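Q: below: sequence and its predicted model.
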Amino acid sequence: MRASLAATVEVRGDATVVHVAGSLGVSTAPVLRTTVLECLAAEPALIVLDVAELRTHEDVALTVLPALAQHAAAWPGSAVSMAAAPAPLRHALDRMAVARQIPLFATTDAAIAHGGAGAPGGEPPMMRVRLQPMLDATAAARHMVDRACRLWGVARLADLAELIITELVSNGVRHAGTELEVRVSLRRHQLHLSVRDGSHALPVRGSSDDTLAEGGRGLLVVEALTERWGCTPVPDGKVVWATLRA
């Protein structure tokens, strides 16, 4: 009988709960990965994996969990925890040292309470705007980022953040040609910048000594000036993101 896995999403304030049911194996791990990456595109403060109905017969598949947690920590600075693991799964998590990398709680409510998410007052500062792929998109994005930096007390980052968002939006306009969702948020002592578009084509970072298209040179600038940057595929496209130390 073929193994199957289902992952359903529940939003609780600024926390996202992913209810995982079925068998986690090498063949089904992509289902969980795709779901969590889609959740990250909404930039929740916390993702709780409710694993009460999860089982695994391949311990190696559990390594997808810390990998997702590391991605979430890099962008958008979301915390990841697990809840309600049955005894056989707890033992497997211990064998693979996953429980040492991702907090495990008795219940989903306990995980949310510990993470400090779920209440409106606990939501981190965030601004977003939807833009059409037109020439004035970069100006609108810069204006929002400048306003956010000054409002949140990190005005010293405004010029740098405007430069980064200009490169990210320009790439989206040039290569995706779809509606863009631009976000800026401040959490965990980092300023997060992201641009979501409707293209599955991933950005290509070039090298400094070859003849590059303008977009490739722009990504070199982003890499040089940010703490880190990356691209998160989502079902309807991708999110290209960068973080600055605040």
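A: Thanks, I have it.
Q: give the contact list for the residue most central in space within the chain.
A: Central residue check for the chain by C-alpha atoms, centre = their mean: the C-alpha nearest the mean position is that of residue 40, 3.6 Å away. Applying C-beta atoms under 8 Å, 6 or more residues apart in numbering, one finds that residue 40 lies in contact with 47, 71-72, 75-76, 78, 232, 239. Every C-beta, even on glycine, is put in place using the N, C-alpha and C of the backbone.
Q: tell me which helix or strand of the protein sits lowest on mean pLDDT?
A: The least trusted helix or strand in the chain, going by mean pLDDT, DSSP states H and E, turns out to be helix 214-225, with a mean of 79.
Q: verify the stated contact: residue 37 with residue 230.
A: No: checked against C-beta atoms under 8 Å, the pair residue 37 and residue 230 is beyond contact range at 11.3 Å.
Q: now stretch 62-71: how far from the chain's centre is it?
A: Relative to the mean C-alpha coordinate of its chain, stretch 62-71 is positioned 12 Å out (C-alpha atoms, centre = their mean, to the nearest Å).
Q: now do the same for the residue nearest to the centre of the chain: its pLDDT.
A: Among the per-residue scores, residue 40 shows a pLDDT of 93.
Q: now it: which helix or strand?
A: helix 29-41 (DSSP states H and E).
Q: restricting to C-alpha, output that helix in PDB.
A: Provided in PDB are the C-alpha atoms of helix 29-41 (Å, rounded to 0.1, in the frame of the first residue of the first chain):
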ATOM      1  CA  ALA A  29       8.200  14.600   2.700                       C
ATOM      2  CA  PRO A  30       7.800  17.000  -0.300                       C
ATOM      3  CA  VAL A  31       4.100  17.400   0.700                       C
ATOM      4  CA  LEU A  32       5.100  18.700   4.100                       C
ATOM      5  CA  ARG A  33       7.900  20.900   2.700                       C
ATOM      6  CA  THR A  34       5.600  22.500   0.100                       C
ATOM      7  CA  THR A  35       2.900  23.200   2.700                       C
ATOM      8  CA  VAL A  36       5.400  24.800   5.100                       C
ATOM      9  CA  LEU A  37       7.000  26.900   2.400                       C
ATOM     10  CA  GLU A  38       3.600  28.200   1.400                       C
ATOM     11  CA  CYS A  39       2.900  29.100   5.000                       C
ATOM     12  CA  LEU A  40       6.200  31.000   5.200                       C
ATOM     13  CA  ALA A  41       5.200  33.200   2.300                       C
END
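Q: use 187 as the first number for this chain going forward.
A: Noted, 187 is the first residue going forward, which turns the last one into helix 215-227.
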